[in-house]
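[1] predicted model follows, preceded by the sequence.
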2 protein chains.
Amino acid sequence: MKFEHVRGFRDQYPEDYEPREVIFRTASKAARLFGYRHVDVPSVEYLDLYRVKSGDELVSQTFAFKDRGGREVTLIPEVTPSVVRMIASRKDLPRPVRWFSFPKVWRYEEPQSGRLREHFQFNADLFGAKGPAADAEVIGLAAHILDRLGLEGQYEVRVNNRKLMDSFLTGVGVKDIAGAFSVIDRFRKTSREEFLDGLEATGVDRSTAVSIAEVLSQRISFDDVEERVSSIMGRSETVTEIVRELREMRKLISCFTRSPVVMDLSIVRGLSYYTGTVFEAFDTAGELRAILGGGRYDSLGELLAGIDLPAVGFGMGDVVIEILMRRVGAWRVEKKEPKFYVCIASSMFQEEAFSVAAEIRKSGGSAVCEVSERSLSAQLKSASSEGCDFAVILGEREIEAGGVTIRDLASGEQVSVMRVDLPRYVAERAASLHGRGQGKIY
Amino acid sequence: MKFEHVRGFRDQYPEDYEPREVIFRTASKAARLFGYRHVDVPSVEYLDLYRVKSGDELVSQTFAFKDRGGREVTLIPEVTPSVVRMIASRKDLPRPVRWFSFPKVWRYEEPQSGRLREHFQFNADLFGAKGPAADAEVIGLAAHILDRLGLEGQYEVRVNNRKLMDSFLTGVGVKDIAGAFSVIDRFRKTSREEFLDGLEATGVDRSTAVSIAEVLSQRISFDDVEERVSSIMGRSETVTEIVRELREMRKLISCFTRSPVVMDLSIVRGLSYYTGTVFEAFDTAGELRAILGGGRYDSLGELLAGIDLPAVGFGMGDVVIEILMRRVGAWRVEKKEPKFYVCIASSMFQEEAFSVAAEIRKSGGSAVCEVSERSLSAQLKSASSEGCDFAVILGEREIEAGGVTIRDLASGEQVSVMRVDLPRYVAERAASLHGRGQGKIY
């Protein structure tokens, strides 16, 4: 009998998982320094929670099932509806509320797409604040995290506004705005013909569809967006005001990052609950899916729980960011302490070995302790394969003399150290590791 | 419309989640210092994986469902079968292998029991090593984690051995050993009568059942266990050898902890794959369910994947430990940096405020930055409710003078600090926090 993991899931061995912790730690620390607090949501929610406003595409791809009680539930596909539900159940929370979370999320797509059905997602949301400053803070936090992960210069943030697009599409005569948004969301993933056909299917005439495609395909700046949009739909005070706020937001984002922040009218986001600013970050080369994405969703509180709740946030999966971090050589574990392997010449010295290992750990090192009866050479091989820096050898001679032999596994040099001096020896190695800057956690 | 979380799940607000991180961080750091490496397992596995050897009770309580493809899968109820599967797929891994993980696990019990259907579980396993030293290391790691969480003296480890019980039960004439184990596993949760009836139902005669109940209910030491068992079943070389190893293991555990480690013949564990040492930790008062539990399972590799895989490990949920940590006052978040709230007299100073906040973060503080247009008193109220130590006020006067006003929110004292001096001011507050020992992470 041989078991495999379920398709679309992944077994994460240490070499897969440990570098991922750098993402968790960096994102969590950045969020904490911005005043965001850590929350956690259930992994299972009623499917109806997503039917309200997440959009048909998301609902059709949920990892949904009937529980033993026959209720329609799902492994959560995203965090936003859950945290809105949590805010709604706590009328006492002083606003604004800043929260982040780092759960697993799931989706059930067709297997041929090759995408994972389970991944980690970092989420941060700011509730109870409106305006460009709140939007800028959230985008700024997203960019700050990417910068701290060593990705500065490797990505750009593309920004748009749902209200702007709403005005523009209405202005050019589009009736089915939601339908048009879902076609536009696939703009960069489909051919021009497919895009035009898709828009026509929502009731847009061909020439309008062509105009829309033209506007979406051009690089546009925060300074010329108003003119560009007006040239097609005519002047609009709403557009003027939205663009003013967009420019204000753009200016404020530069307090957080030097990475490029550009205007991109094709960014509308797949989820249907966004109401204002929307944004996504992409690798500069434009080869990958979005690294992260988010926006303002001021009406979800009303829709889910009948409360007024201005909200802006973003989510960032761990899959695309892993690819980017590998590219720039940031996908690695930083050594936090010198690692020792405690070898014993005989199992008679097991107790002594455990004590030595405990001393090493107390003094700032990590220590793997031999627990089998194996040859010294087999133990030294383990020491290497475990990535240890030093082997600490306990033989009859060492025990008698009240000391240990320490072998530097890189240089092969050996020294004798008395047991009483061992803590200092380890502490010095730990200090020199940190001195070389390799022990830096953040 | 008002949504609730699914029954048996929990919304974790910051005050629920943040102290939990102390468990994650402490357990992960301890495991790393012992040379264990972090892995992660899928949240969904084929149900058959647990049918092999986890036991009927566990399988009947899994959060199982049919996926969209009609396959019988389940949210994982435990980690062990998954990590054994992972070891089996990687023939290249040098042994011994030391792994830990910290996933969510799920079970679907009857709602009236009031137990959670989702919780976090820390797991550590040592693969490829036999003997009392390996068992002692794993129990030692478990105890070390509890000690580091501030629970020294609040718990005891109860130890037993499946082979010993097997010999004993066989020796007194029990035929259905597995049946007897599952009755014994509920020994401390059921009445004497229920226990005796349960044993009788597995084919044990009344007088034998009474003898078994008597042995299980007595406090027994590592020194007298052999005699006690022999007095009922007669001398056995197997028992002598097992008890010798138990005593060796007990001696070695004392290299790791000063907490009590006792012999308890009623500890057999509910999972049916254990083959040797079994153990659980309980609060000293004996009021709660087990804090953690584990043991040796040398045949699971053979059963699941046809490989020889000596293995010993343990799992620890976060629910019982939370109750214990609350009792001893360890359920709290340690402050890692001084927290500032940046207030602005006008939204005209937003950009300046974001820059000040960024400077504070760079200098070792955390900073919440005002993003709304609110009165200064509303902002100061936010500063307090956010648990900030200092408010940094940016008004017209401050901007003109190139400085900020800093109010100590505990004392109410205010000082003026020039912008160029702000980094040093923050760094000094950060250093004094660490100096008071409140910034210690571990």
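    Yep, that arrived. All of these numbers come straight from a predicted model, not from anything done at the bench.

[2] kindly report the domain assignment for chain A.
    A:14-327, A:339-435 (automatic domain parsing).

[3] the closest residue to A:Gly276 other than its chain neighbours pairs with what?
    With sequence-adjacent residues excluded and distances taken as Cβ to Cβ, 6 or more residues apart in numbering or on different chains, A:Gly276 is closest to A:Arg296, at 3.6 Å. Backbone N, C-alpha and C define where each C-beta goes, glycine included. Beta bridges link A:Arg296 to A:Val312, judged by DSSP bridges.

[4] any idea how far A:Ser411 is from A:Arg296?
    To A:Ser411, A:Arg296 is 57 Å away according to Cβ to Cβ, to the nearest Å.

[5] more neighbours: the two, which one.
    A:Arg296 (25 against 7; other Cβ atoms under 10 Å in any protein chain shown).

[6] got the contact list for that one?
    A:Asp135, A:Arg162, A:Tyr274, A:Thr275, A:Gly276, A:Thr277, A:Val278, A:Pro310, A:Ala311, A:Val312 (Cβ atoms under 8 Å, 6 or more residues apart in numbering or on different chains).

[7] surely the fifth one and A:Arg162 touch.
    Read that as A:Gly276. Yes - applying Cβ atoms under 8 Å as the test, A:Gly276 and A:Arg162 come out as touching, 5.9 Å apart.

[8] what do these two both touch?
    Common neighbours of A:Gly276 and A:Arg162, using Cβ under 8 Å, 6+ apart, are A:Gly295, A:Arg296.

[9] ok, and what's touching stretch A:91-103?
    If you take Cβ under 8 Å, 6+ apart as the criterion, stretch A:91-103 is touched by A:24, A:27-28, A:31, A:34-41, A:43, A:76, A:79, A:83, A:87, A:120-129, A:134, B:14, B:368, B:371-372, B:381-382, B:385.

[10] as TSV, the domains of chain A with distance to B:Arg244 would be great.
    What follows is these, written out as TSV (distance: least, Cβ to Cβ, whole Å):
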stretch	distance to B:Arg244
domain A:14-327	35
domain A:339-435	14
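
[11] without its sequence neighbours, what residue ends up closest to A:Phe34?
    In space, not counting the residues next to it along the chain, A:Phe34 is nearest to A:Leu141; the distance is 5.2 Å by Cβ to Cβ, 6+ apart.

[12] buried residues, stretch A:289-299. List them.
    A:Ala290, A:Ile291, A:Leu292, A:Gly293, A:Gly294, A:Gly295, A:Arg296, A:Tyr297, A:Asp298, A:Ser299 (16 or more other Cβ atoms under 10 Å in any protein chain shown).

[13] check contacts around the residue of the stretch 101-250 of chain A with the smallest separation from chain B.
    Closest residue of the stretch 101-250 of chain A to chain B, Cβ to the nearest Cβ: A:Ala133 (4.0 Å). Residues near A:Ala133 by Cβ under 8 Å, 6+ apart: A:Met249, A:Leu252, B:Ser347, B:Gln350, B:Phe354, B:Val371, B:Ser372.

[14] give me the element it is part of.
    Assigned by DSSP states H and E, A:Ala133 belongs to helix A:132-146.

[15] swap in A:Met325?
    A:Met325 belongs to helix A:319-327, assigned by DSSP H and E.

[16] how about A:Phe120?
    Per DSSP H and E: strand A:118-127 holds A:Phe120.

[17] okay, angle between that strand and helix A:319-327 too, please.
    Between the axes of strand A:118-127 and helix A:319-327, defined by axes from the mean of the first three to the mean of the last three Cα atoms, to 10 degrees, the angle is 100 degrees.

[18] avg pLDDT for strand A:118-127?
    The average pLDDT within strand A:118-127 is 97.

[19] picking up where we left off before, out of the contacts of A:Ala133, which is most surrounded?
    Result: B:Val371 is most packed of these (other Cβ under 10 Å), 28 neighbours.

[20] picking that back up, what is the most widely separated pair among the buried residues of stretch A:289-299?
    Between any two of those, the greatest separation by Cβ to Cβ is 26.4 Å, found for A:Ile291 and A:Ser299.

[21] surely the residue nearest to A:Phe34 and A:Ala31 touch.
    Yes - under the criterion of Cβ under 8 Å, A:Leu141 makes contact with A:Ala31 at 6.6 Å.

[22] so A:Ser207 belongs to a strand, correct?
    No - counting by DSSP: H, G, I helix; E, B strand; the rest coil, A:Ser207 falls outside a strand, being helix.

[23] that one: how many residues sit nearby?
    Neighbour number of A:Ser207 under other Cβ under 10 Å is 9.

[24] so what pLDDT did it get?
    So A:Ser207 comes in at 94 (pLDDT).

[25] picking up where we left off before, output the contacts of A:Arg296 in a markdown table; the columns should cover neighbour count.
    Below are these laid out as a markdown table (neighbours: other Cβ atoms under 10 Å in any protein chain shown):
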| residue | neighbour count |
| --- | --- |
| A:Asp135 | 30 |
| A:Arg162 | 23 |
| A:Tyr274 | 26 |
| A:Thr275 | 18 |
| A:Gly276 | 24 |
| A:Thr277 | 26 |
| A:Val278 | 28 |
| A:Pro310 | 21 |
| A:Ala311 | 27 |
| A:Val312 | 29 |
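
[26] which of these fall in helices?
    Among the contacts of A:Arg296, DSSP state H puts A:Asp135, A:Arg162 in helices.

[27] widest-spaced pair of the contacts of A:Arg296?
    Counting by Cβ to Cβ, the most remote pair of those is A:Val278 and A:Pro310, 15.2 Å apart.

[28] pull the number of nearby residues for A:Trp421.
    Not quite, residue A:421 is Asp, not Trp. 12.

[29] ok, now how distant is A:Gly317 from chain B?
    Relative to chain B, A:Gly317 is positioned 15 Å away (Cβ to the nearest Cβ, to the nearest Å).

[30] please look at that residue and A:Gln121 and confirm they touch.
    Yes - A:Gly317 lies in contact with A:Gln121 (Cβ under 8 Å); the separation is 5.2 Å.

[31] shared neighbours, these two?
    Shared contacts of A:Gly317 and A:Gln121 (Cβ under 8 Å, 6+ apart): A:Val105.

[32] any idea what sits nearest the residue of the stretch 151-300 of chain A found nearest chain B, other than its immediate chain neighbours?
    For the stretch 151-300 of chain A, the residue closest to chain B is A:Cys255, as judged by Cβ to the nearest Cβ, at 3.6 Å. The shortest distance from A:Cys255 to any non-neighbouring residue, by Cβ to Cβ, 6+ apart, is to B:Phe354 (3.6 Å).

[33] OK, contacts around that neighbour?
    Applying Cβ under 8 Å, 6+ apart to B:Phe354 gives the contacts A:Ala133, A:Ala136, A:Glu137, A:Gly140, A:Leu252, A:Cys255, A:Phe256, B:Cys369.

[34] among the residues you listed, which one has the most neighbours?
    Result: A:Glu137 is most packed of the contacts of B:Phe354 (other Cβ under 10 Å), 32 neighbours.

[35] name the nearest residue to it, ignoring sequence neighbours.
    B:Val371 is the one closest to A:Glu137 (Cβ to Cβ, 6+ apart), at 5.5 Å.

[36] tell me how far that neighbour lies from A:Ala136.
    In terms of Cβ to Cβ, B:Val371 sits 8 Å off from A:Ala136.

[37] name the SS class of the residue nearest to the spatial centre of chain A, please.
    Most central in chain A under Cα atoms, centre = their mean is A:Met316, positioned 3.7 Å from the mean C-alpha point. Under three-state DSSP, the three-state class of A:Met316 is strand.
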